[in-house]
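[1] Fold the stuff below for me.
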Amino acid sequence: MTIRIKKQSPGKSLRSVVEQRAEVDLSSCYQCKKCSIGCPVTGLVISPPAEIIRRLQLGAGDELLQTDLVWTCLSCETCYARCPNEINFAGIIDALRAVSLEKGLAKPKGNSPLFNRRFLDTVKSYGRAYDLQMIVAYKLGTGKLMDDMEKFPEMLKKGKIAVLPPSGADKSKVKRIFAAIKSKGKSR
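    As a prediction, the model looks like this:
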């Protein structure tokens, strides 16, 4: 496949922004493609992880922010586990998502940004994910309250969704983490 890179506009390059936010050094990637081979969504996307990294190395601009993997990545970290140079690709994807949202270029399928915000809101409030509140907040945000409701009783019966909020998390530590991220200028 031919990779086309549009000329980067003057200013801070996307590569440097991603490297700073994700705290990675993209020059350490030598394109072994182990990340792409292990990725569970590689068969569903046009641009696998190794290609995203290569495009960043070559100076890709905002066109990279609209690639399908940016919003399809599961952040499962299989790529990170397989990488001989321990490049945090999930961090790279998080940085690309944040830049995409900041620039108003986000075009995810479904409503990933809303889902991510609601998930982080529950972690911020409870110190852990609280599935029931997250689902309700997400459904209210999308306006599709009754979608998938037929699955809810079975999920409750099987214990897949907790009715009560989680306990036992160190909420003060979680608040410090969110404050540190905010002070670094990262999203959320």
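
[2] which SS class is Ala50?
    With DSSP: H, G, I helix; E, B strand; the rest coil as the basis, the three-state label of Ala50 is helix.

[3] quick one: it and Asn85, what's the gap?
    According to Cβ to Cβ, to the nearest Å, Ala50 and Asn85 sit 12 Å apart. To be clear about C-beta, it is placed using only N, CA and C from the backbone, and glycine gets the same treatment.

[4] Same check on Tyr126?
    Relative to Asn85, and taking Cβ to Cβ, Tyr126 is found at 36 Å.

[5] and what of Asp147?
    Between Asp147 and Asn85 the distance, using Cβ to Cβ, works out to 42 Å.

[6] before we move on, back to that, out of Ala50 and Asn85, which sits in the more crowded spot?
    More crowded of Ala50 and Asn85, by other Cβ atoms under 10 Å: Ala50, with 21 against 12.

[7] Give me the pLDDT value at the residue lying farthest from the centre of the chain.
    Distance from the centre of the chain peaks at Lys157, with 30.1 Å (Cα atoms, centre = their mean). According to the prediction, Lys157 has pLDDT 88.

[8] okay, now the domains of the chain?
    What the record gives for the chain is the domain set 14-102, 112-183, from automatic domain parsing.

[9] Start and end of the shortest one, how far apart?
    So that's domain 112-183. Domain 112-183 has an end-to-end distance of 24 Å (criterion: Cα to Cα, to the nearest Å).
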